[in-house]
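# predicted model, plus sequence, below.
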Amino acid sequence: MKNKKVYIETYGCQMNLADSEVVGSLLHDDGYEFTKSLGDADIALVNTCSIRDHAEQRVISRLGEFKRYKSGNPEMVIGVLGCMAERLRTKLLDQLKLVDIVVGPDEYRKLPGLIESAFEGEKGIAVKLSKVENYDDIIPLRTDGVSAWVSVMRGCDKFCTFCVVPYTRGRERSRTLHGVVQEVEQLVQRGFREVTLLGQNVNSYRDDELDFADLLMSVAHIDPKLRVRFTTSHPQDMSDKLIEAIAGHENICAYIHLPVQSGSDRILDLMNRTYTIDHYMKLVEKITSTIPGVALSTDIIAGFPTETDEDHQATLDVIREVRYDGAFMFKYSPRENTKAWNMGDDVPDEVKSQRLTEIINLQRSISLEINKEMIGTTVEVLVEGTSKKSDTEFMGRTDTNKTVVFPEGDYKIGDYITVKIHEANAATLFGHVVTPQGWVDVRIAVEA
Ligand code: SAH
Ligand code: SF4
Ligand code: F3S
């Protein structure tokens, strides 16, 4: 028994969360224990993100805080994993003296060996990208719960000109359909009620002649009470078959994250997004007419190189026209070695900020309108846990991925309940749990 404790902190997208569970599994099998406290750790790992400069700066300053713990415990091994490890490589060892090991996303199997060597005083780096590594045989180390992330493919071949992912995650490769289905079957047996199938480009999943729609349907058939979600879809790979698969299965959630990035064809072309707004709007029309009540969300970048006010207005127009339920909105951040890096970064920061604010305000007002329309309706909610703000209230999500807060009552985490909505803001719906007797506030029902 090693009796050594590992602490892992994760930044970035859900794929990094899923990878940290793979890392957890590899280290658990090697005899390590885990701690939630950095102060107790013999090994401190940080799984990092490079998507925007800000994401990297946060990790750098966090590593500055790790220094304090290392000076109290000089034997502590510090490791940087994930996309920053892949992007910055030896620079991390050279510039941040406290870092002992650097491991990229395709080399986690080497982690136990590298940690061993680090305890003997040898720094180590493993950052080769692989065309085949997909950790299909590793059962991620998860704590029991309601929702699980399941990574189904890795890497990205799209090469959007602003994006580091193809460089930090390498070529696209998929797990076997059989491997994914087996993992989800085990999750269902352990009591999970929701899975989210993950990939940077999840709808280009392939296992020989089987595509993402086949995978989604196979997973949905495992248990009709299991909610199935997926992210992220690229508009180019959103097939009719996939749209029909979502429409045809009650437990495949009616929610699609479909990043548009910009409303201007000229900018989309410079971004190498491979679709036009006309194509995108036709896709949205097909989705909304085929999947009743579907919710859509998007990603938007403000201030891409050469973006004019006219391009920006076109983005606002798309947001108005689609009426997204929600959006993730970012200021363009130039990333070294991407194609867009060479296009300059000519939109001044104040203009980027101004445009981003306009985008956020517009989206917030639309989200609020859509959510207010829900007042008076009843929705099915999967109970996920206590609400962030109060221990006497619970939260869950609708099939369309809206967060709902409701009072505690005669149900437990993991149950499906019906909630009548009585209040809404742009981010959250508030409601009363419905009992068989009619609409009763559970707080009153319990007191009576
Ligand atoms: N694979 C997904 C998302 C990848 S990253 C997709 O293609 O949609 C998540 C989001 O970060 C992107 O959709 C994009 O909006 C944003 N993003 C990526 N690179 C960026 C950059 N250099 N500056 C600002 N935002 C960026
Ligand atoms: Fe990045 Fe584009 Fe790939 Fe998404 S599809 S990960 S934005 S390169
Ligand atoms: Fe970030 Fe890497 Fe994910 S750059 S968004 S952690 S794939």
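The structure has been received and is ready for your questions. Ligands and ions are numbered 1, 2, ... in the order given.

# so residue 265 touches residue 277, yeah?
Yes. With contact defined as Cβ atoms under 8 Å, residue 265 reaches residue 277; the gap is 5.7 Å. Yep, even glycine has a C-beta here, placed from its N, CA and C like the rest.

# and residue 202, how far is that from residue 214?
13 Å (Cβ to Cβ, to the nearest Å).

# any idea which helix or strand in this structure has the lowest mean pLDDT?
Using mean pLDDT, DSSP states H and E, helix 442-447 stands out as the lowest-scoring helix or strand of the chain, at a mean of 39.

# which stretches of the stretch 151-300 of the chain form strands?
Per DSSP state E, counting those that start in this stretch, the stretch 151-300 of the chain carries strands over the ranges 153-154, 173-174, 194-198, 206-207, 210-211, 227-231, 255-257, 295-302.

# which of those sits closest to ligand 3?
strand 153-154 (9.2 Å; Cβ to the nearest ligand atom).

# OK, contacts around the residue of the chain found nearest ligand 3?
Taking Cβ to the nearest ligand atom, ligand 3 has its nearest neighbour within the chain at residue 12, 2.7 Å off. Neighbour list for residue 12: 47, 48, 49, 51, 55, 82, 83 [criterion: Cβ atoms under 8 Å, 6 or more residues apart in numbering].

# mind giving me the domain split of the protein?
For the chain, automatic domain parsing gives the domain ranges 5-126, 144-253, 262-370, 378-445.

# quick one: end-to-end distance for the longest one.
Using Cα to Cα, to the nearest Å, the span of domain 5-126 from its first residue to its last is 22 Å.

# what of the third one?
Distances were taken as Cα to Cα; on that basis the terminal residues of domain 262-370 are 22 Å apart.

# tell me the average confidence for it?
Across domain 262-370, the average pLDDT comes to 98.

# which bits of the protein sit near ligand 3?
Contacts of the chain with ligand 3, taken as Cβ under 6 Å from any ligand atom, map to 12-13, 15-16, 49-51, 82-83, 164-165, 168-169.

# filter these by proximity to ligand 2?
Contacts with ligand 2 within the residues of the chain next to ligand 3, counted by Cβ under 6 Å from any ligand atom: residue 165.

# highest neighbour count among the residues of the chain next to ligand 3?
In terms of neighbour count, residue 82 stands highest of those at 30 neighbours, by other Cβ atoms under 10 Å.

# so who does that residue touch?
Listed by Cβ under 8 Å, 6+ apart, the contact set of residue 82 reads 11, 12, 16, 19, 46, 47, 48, 49, 104, 105, 168.

# before we move on, what about residue 192?
Residue 192 neighbours (Cβ under 8 Å, 6+ apart): 144, 145, 146, 147, 148, 226.

# how much space between it and residue 382?
11 Å.

# mutual contacts of those two, please.
Here residue 192 and residue 382 share the contacting residues residue 146, scored by Cβ under 8 Å, 6+ apart.

# wait, a strand at residue 91?
No. Assigned with DSSP: H, G, I helix; E, B strand; the rest coil, residue 91 falls outside any strand and is helix.

# ok, back up a step: list only buried entries from the contacts of residue 192.
Among those, those buried by neighbour count (16 or more other Cβ atoms under 10 Å) are 145, 146, 147, 148, 226.

# dump the residue contacts of the fourth one.
The one in question is residue 148. For residue 148, the contacting residues are 142, 187, 192, 194, 195, 196, by Cβ under 8 Å, 6+ apart.

# same question, the second one
Residue 146 is in contact with 192, 193, 194, 382, 383, 384, 385, 413, 414, counting by Cβ under 8 Å, 6+ apart.

# which of those sits closest to ligand 1?
residue 194 (20.9 Å).

# so what's the closest one up against?
Taking Cβ under 8 Å, 6+ apart, one finds 146, 147, 148, 226, 227, 228, 229, 382 in contact with residue 194.

# ditto for residue 39
69, 72.

# how much space separates it from residue 70?
Counting by Cβ to Cβ, the gap from residue 39 to residue 70 is 11 Å.

# residues bridging contact with the two, i.e. touching both?
By Cβ under 8 Å, 6+ apart, no residue touches both residue 39 and residue 70.

# can you redo the domains of the chain as TSV with distance to residue 133?
Shown next, in TSV, are the domains of the chain (distance: least, Cβ to Cβ, whole Å):
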stretch	distance to residue 133
domain 5-126	5
domain 144-253	7
domain 262-370	22
domain 378-445	30
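
# now do the nearest residue to residue 231 once chain neighbours are set aside against residue 148, distance only.
Closest residue to residue 231 apart from its sequence neighbours, by Cβ to Cβ, 6 or more residues apart in numbering: residue 257 at 4.8 Å. Distance, residue 257 to residue 148, using Cβ to Cβ: 18 Å.

# equivalent analysis for residue 256, please.
20 Å.

# the nearest residue to residue 157 once chain neighbours are set aside: what's it in contact with?
Leaving aside its sequence neighbours, residue 157 sits nearest to residue 172 (Cβ to Cβ, 6+ apart; 4.5 Å). By Cβ under 8 Å, 6+ apart, the contact list for residue 172 reads 153, 154, 155, 156, 157, 201, 204.

# which residues sit in contact with the first one?
With Cβ under 8 Å, 6+ apart as the criterion, the residues that contact residue 153 are 134, 172, 173, 174, 175, 199, 200, 201, 202, 204, 205.

# try 6 Å
Neighbour list for residue 153: 174, 199, 205 [criterion: Cβ atoms under 6 Å, 6 or more residues apart in numbering].

# next up, the contacts around the last one.
Contacts for residue 205 (Cβ under 6 Å, 6+ apart) come out as 152, 153, 174, 212, 215.

# filter those residues down to the buried ones.
Taking 16+ other Cβ under 10 Å as the criterion, what is buried in the contacts of residue 205 is 152, 153, 174, 212, 215.

# now, which of those residues sits nearest ligand 1?
residue 153 (11.1 Å).

# gap between that closest one and ligand 2?
11 Å (Cβ to the nearest ligand atom, to the nearest Å).

# before we move on, what about residue 256?
Residue 256 is 15 Å from ligand 2, where distance means Cβ to the nearest ligand atom.

# who's that residue bridged to?
Per DSSP bridges, the residues bridged to residue 256 are residue 296.

# quick check on the closest residue to residue 75 other than its chain neighbours: phi, psi?
Residue nearest to residue 75 in three dimensions, not counting chain neighbours: residue 42, with 7.0 Å by Cβ to Cβ, 6+ apart. Per-residue torsions, residue 42: phi -90, psi -30 (degrees, to the nearest 10).

# host element of residue 311?
Using DSSP states H and E, residue 311 maps to helix 309-322.

# buried ones in that helix?
Per 16+ other Cβ under 10 Å, helix 309-322 contains these buried residues: 311, 312, 314, 315, 316, 318, 319, 322.
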